[in-house]
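Chemist: below are the sequence and a predicted model; questions follow.
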Amino acid sequence: MIAEIGLAALWLAAALAVLQMVSGAFALRSAEGEANPLAIYARPAAVMQALLAGLAFTMLVWAFAVTDLSVKLVAANSHSMKPMIYKLTGTWGNHEGSMLLWVGVLALSGGLIALFERRLPERTMSAALAVQGFVALGFYAFLLLSSNPFERLPVPAIEGSGLNPLLQDIGLAFHPPTLYAGYVGLSVAFSLAMGALLTREVNPTFARVMRPWVLGAWVLLTFGITAGSYWAYYELGWGGWWFWDPVENASLMPWLAATALLHSVAVLAARDALRTWTIMLGVLAFSMSMLGTFLVRSGVLTSVHAFAVDPERGAFILGLLALNIGGAFTIFALRAGAVAEGKRFSFSSREGALVFNNVMLSAILAIVLLGTLYPLLTEAFDVRVSVGPPYFNPASAMFAIPMFLVMAVGPLLRWKEDSPRRIRFEVLLLAAILIGVIGLVSFFGQFALLPLLGLGLAAALGVAAFLPLRGRKLTRVPVATWGMVMAHFGIAVSLFGMASEGAFTQERLAAVAPGGSDQVGEFTFTLQSVNPVAGPNWTAIEARIAVSRDGGTPVILTPQARNFWSPAQSTSESALLTRWDGQLYAVIGNQAADGRWQIRMWWKPFVTFIWYGGLLIALGGVLAIIGRVRVDMKRRKAVSLGDERRADLEALGTAPVPAE
Amino acid sequence: MRSRLFLWLPLALFAFFAGLAGYMLTQDKTEFVESAMIGQSLPDFALKPAFDGLPGAARSDLVGGQPRLLNIWASWCLPCIAEAPQLEALQAQGVEIVGIAIRDRPEDVANFLARHGNPYTRIGADDISEVQLAIGSSGVPETFVIDAAGVIRYQHIGDIRESDIPILLAELEKAR
């Protein structure tokens, strides 16, 4: 029954998506101010659809929780002996389940906006809901027609075949759902942008409505990418934290677009400028989400993530992409010319700096997109290439460095027009820090150019982040501004971690016999013993390595080489020793013929700052949401109080007293 | 009007991508990377007999006449048992098969051939995987097509299934 309830809910949700789309479209066709009888269904349809999609997802989680082996998906991806937490996370650790989660989040965000958003003109809102329904319908069709998660087996399996061991990790519990929520949260920005474009209502109110959604999605993406990076770092056992893998890029691209959108929407809300550009980014951000889904799910690109891939499904998603993105870009091309130009501003102003960085972010996005798709292009001509860090690092740095420089001074500029001479002192201070740090570091050793620049920029940005607070009464600084300060400081922290890891990492690959010792950086490590150990669904070889820093008290590290038996696969479990100033990263390799063991050790100074920075950025986003929503609530309350008072006065038959 | 055309740019770029991706989806995706040894001349070697029943194998035994199969195998290798009937079928079609036994013992080789059949004309003993590594084989079983000039023309990795027989026969024909 569980599976049937889920499937029925999914079909009903799809039917409601049709209703939402049709009803929204009718509302759009009716003239201004005239109510269309069909239009009233759009909002309730969206809300019901959210509930039904939620129900379908809950049913699938339930099937996984009780390991219902008559459901094909459960039999293929779960196992009765698996720990409960991984049974639950296994729900979205596969194609069908993750697509259901995708659609569930899409429906949920559609429902939320239908339920709570009342500020926009009703026609714009209807158009947005119609677009949301259209997008959702496509993905329902995808699920129901080619990826049914609730398919039954004719004969129930006796035992499930397990879950990819790499995915049996607590990182999986958080990483994909957060990323998905972020990806799909951008669908609201997309729908709102299309709604505003269709009804030509691109204005600050629209920007204010869109902003919390963009911020929310951006926070989730930031958090998801940070968690994903750390997960890959300790789970894959390669000691790297970013591999420019197509699937990683698929999450980075929406983030870059969302970051640009977040800043351009701020300009639109505050200054009524950048109208067309904001619409473009709104479309682009969600397009990148869908593109990412396509790249990951179709298998047109080879990736370490190696999801189960299926060209037929790929063709289906590509069709959806063509409808959604192609349709949006067509409407954009037809309509954007009709959107009145926004307010003008001079280049040396807050807007100018934001525009510059928007262009830089878009350029980085283009670099990443090109690098990700390039193998696809060359393979069409039978040339196999792999694009990696030698392209991505310098090419993106080329635009990231000017962006960081402008980011340091941008928040200090005034809106509309400002003179660079006014902030002369700050600029000189930051330049001095930048040059000073680079000079100091290069005095002590030979480092590559990018890490060196990164260290200097990180120091300058770290100071610059707090400059907007200078000369202000801290208790009166708006919460949203604190958010900006924190997010910008997070960038500095993260950049420092990346540069430090790049510049100062020490690596040692040694063959050590039990009892033997070796050295990496300030650490001496001794291989005490190598023993077999067993877990609930794996066996492993575990090394006990005593590590001491500068002859201090030894700490035991236990890296493992694990063998899972269902499905049969081996993984390398790294062991980490975290100190405030870095991490020691240990991996055990094969045994050599003479009984010695390969031990790989890295000392990575301040590597953890990469993820601390990511968390700070996300936290800054959260503060910004809180600040914005609070201001909005106050404004709404003030408006409604004013309305009440006017109504009272009218009822009393007296004219309102004009305010002084 | 120029600015209007500019607005179509995103759509044009996307259309290009969609066309490319659509085309690539219809293409066969082979993850297989051909060995760098294909088209190279067989390295020089001379191996002693793997057991008393058949002569050993040297490079000169594979050169001249008809194209031959060079089969890398071992008596301790389970997939080699699975491919034994296919090797016999190939031999029945008139294909000459030269074997190289990897890290094996004469009595085990003799037992294996007695139990699973002997499709070979010669078997060399490669006790330290010397020849195996020199011709770019990383495991057992593997089968190479060697033409009359002693050039490696084709490499089959893993056991030979029934469906592989026509492929190997075609490769032998091509190497003629």
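Modeler: Happy to help now that I have it. Worth saying up front: this structure is predicted, and the values here are computed from it rather than measured. Numbering: from 1, shown residues only, chains lettered A, B, ... in the order given.
Chemist: drop to CA atoms for contacts and neighbour counts, all remaining ones
Modeler: OK.
Chemist: where does chain B have low pLDDT?
Modeler: For chain B, the stretches with pLDDT under 70 are B:1-3, B:28-34.
Chemist: chain A too?
Modeler: For chain A, applying pLDDT under 70 flags the ranges A:30-36, A:163-168, A:171-172, A:298-311, A:566-567, A:653-660.
Chemist: around chain B, which positions in it sit nearby?
Modeler: Listed as neighbours of chain B in chain A under the rule Cα under 8 Å from any Cα of the partner chain: A:298, A:300, A:311, A:314-315, A:318, A:322, A:325-326, A:329-330, A:332-334, A:336-337, A:376-377, A:380.
Chemist: out of those residues, which are inside helices?
Modeler: Among these, the members falling in helices (DSSP state H) are A:298, A:311, A:314-315, A:318, A:329-330, A:332-334, A:376-377.
Chemist: which one (most neighbours) among the residues you listed?
Modeler: Counting neighbours by other Cα atoms under 10 Å in any protein chain shown, A:Phe329 leads these with 27 neighbours.
Chemist: ok, back up a step: could the ones in helices among the residues of chain A next to chain B go into a markdown table alongside distance to A:Val22?
Modeler: Formatted as a markdown table, these follow (distance: Cα to Cα, whole Å):
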| residue | distance to A:Val22 |
| --- | --- |
| A:Ser298 | 30 |
| A:Pro311 | 31 |
| A:Gly314 | 27 |
| A:Ala315 | 26 |
| A:Leu318 | 24 |
| A:Phe329 | 21 |
| A:Thr330 | 20 |
| A:Phe332 | 21 |
| A:Ala333 | 24 |
| A:Leu334 | 22 |
| A:Leu376 | 37 |
| A:Leu377 | 38 |
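Chemist: and of these, the nearest to A:Ala546?
Modeler: A:Ser298 (45.4 Å; Cα to Cα).
Chemist: tell me how many other residues crowd A:Arg313.
Modeler: Residues lying near A:Arg313 (other Cα under 10 Å) number 20.
Chemist: that one touches A:Leu145, doesn't it?
Modeler: No: checked against Cα atoms under 8 Å, the pair A:Arg313 and A:Leu145 is beyond contact range at 9.9 Å.
Chemist: can you tell me which helices and strands the lengthiest helix in chain A packs against?
Modeler: Longest helix in chain A, counting residues (DSSP H): helix A:609-652. In terms of contacts (3 or more Cα pairs under 8 Å, 6 or more residues apart in numbering or on different chains; DSSP states H and E), helix A:609-652 is packed against helix A:204-235, helix A:479-504.
Chemist: and the angle from that helix to helix A:479-504?
Modeler: Here helix A:609-652 runs at an angle of 170 degrees relative to helix A:479-504 (axes from the mean of the first three to the mean of the last three Cα atoms, to 10 degrees).
Chemist: chain center to the longest helix seen in chain B, what's the gap?
Modeler: Secondary structure of chain B per DSSP H: the longest helix is helix B:9-26. Distance, stretch centre to chain centre, for helix B:9-26: 38 Å (Cα atoms, centre = their mean, to the nearest Å).
Chemist: can you list the buried residues in the helix or strand A:Ile367 falls within?
Modeler: When elements are assigned from DSSP states H and E, A:Ile367 belongs to helix A:350-379. Of all the residues in helix A:350-379, those buried under the rule 16 or more other Cα atoms under 10 Å in any protein chain shown are A:350-358, A:360-365, A:367-369, A:371-377.
Chemist: on that earlier part again, can you redo the helices and strands packed on helix A:609-652 as a markdown table with distance to A:Pro536?
Modeler: Putting the helices and strands packed on helix A:609-652 into a markdown table (distance: least, Cα to Cα, whole Å) gives the following:
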| stretch | distance to A:Pro536 |
| --- | --- |
| helix A:204-235 | 18 |
| helix A:479-504 | 35 |
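Chemist: point out the residues in chain B that sit beside chain A.
Modeler: With Cα under 8 Å from any Cα as the criterion, chain B meets chain A at residues B:4, B:7-8, B:10-11, B:14-15, B:18, B:20-26.
Chemist: follow-up on the earlier one: could the helices and strands packed on helix A:609-652 be laid out in TSV, adding mean neighbour count?
Modeler: Output for those, formatted as TSV (neighbours: other Cα atoms under 10 Å in any protein chain shown):
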stretch	mean neighbour count
helix A:204-235	23
helix A:479-504	24
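Chemist: which parts of chain B are strands?
Modeler: Here chain B has its strands, by DSSP state E, at B:68-73, B:97-102, B:120-126, B:142-146, B:152-157.
Chemist: most surrounded residue in the residues of chain B next to chain A?
Modeler: So for the residues of chain B next to chain A (other Cα under 10 Å), the most neighbours sit at B:Ala21, 24 neighbours.
Chemist: that residue contacts A:Leu376, doesn't it?
Modeler: Yes: assessed by Cα under 8 Å, B:Ala21 is found in contact with A:Leu376 at 7.4 Å.
Chemist: next, A:Pro514: phi, psi?
Modeler: Torsion angles at A:Pro514 (phi, psi; degrees, to the nearest 10) stand at phi -50, psi 130.
Chemist: which helix or strand contains A:Pro394?
Modeler: helix A:389-409.
Chemist: which strands and helices lie in contact with the helix or strand following that helix?
Modeler: Toward the C-terminal end, the helix or strand that comes next after helix A:389-409 (DSSP H and E) is helix A:424-444. For helix A:424-444, the elements it packs on are helix A:449-464, judged by 3+ Cα pairs under 8 Å, 6+ apart.
Chemist: buried ones in the helix it packs on, by neighbour count?
Modeler: A:450-464.
Chemist: relative orientation of the longest helix of chain B and helix A:327-335 in degrees?
Modeler: Here helix B:9-26 runs at an angle of 160 degrees relative to helix A:327-335 (the same axes, to 10 degrees).
Chemist: give me the contacts around helix B:9-26.
Modeler: Helix B:9-26 has contacts (Cα atoms under 8 Å, 6 or more residues apart in numbering or on different chains) with A:298, A:300, A:311, A:314-315, A:318, A:322, A:325-326, A:329-330, A:333, A:376-377, A:380.
Chemist: greatest separation within these: which pair is it?
Modeler: For the contacts of helix B:9-26, the farthest-apart pair by Cα to Cα is A:Pro311 and A:Ala333; their separation is 30.8 Å.
Chemist: what sits opposite the residue of the stretch 401-550 of chain A found nearest chain B in the beta ladder?
Modeler: Closest approach between the stretch 401-550 of chain A and chain B, counting by Cα to the nearest Cα: A:Ala511, at 23.0 Å. In this entry, A:Ala511 is beta-bridged to A:Gln598, by DSSP bridges.
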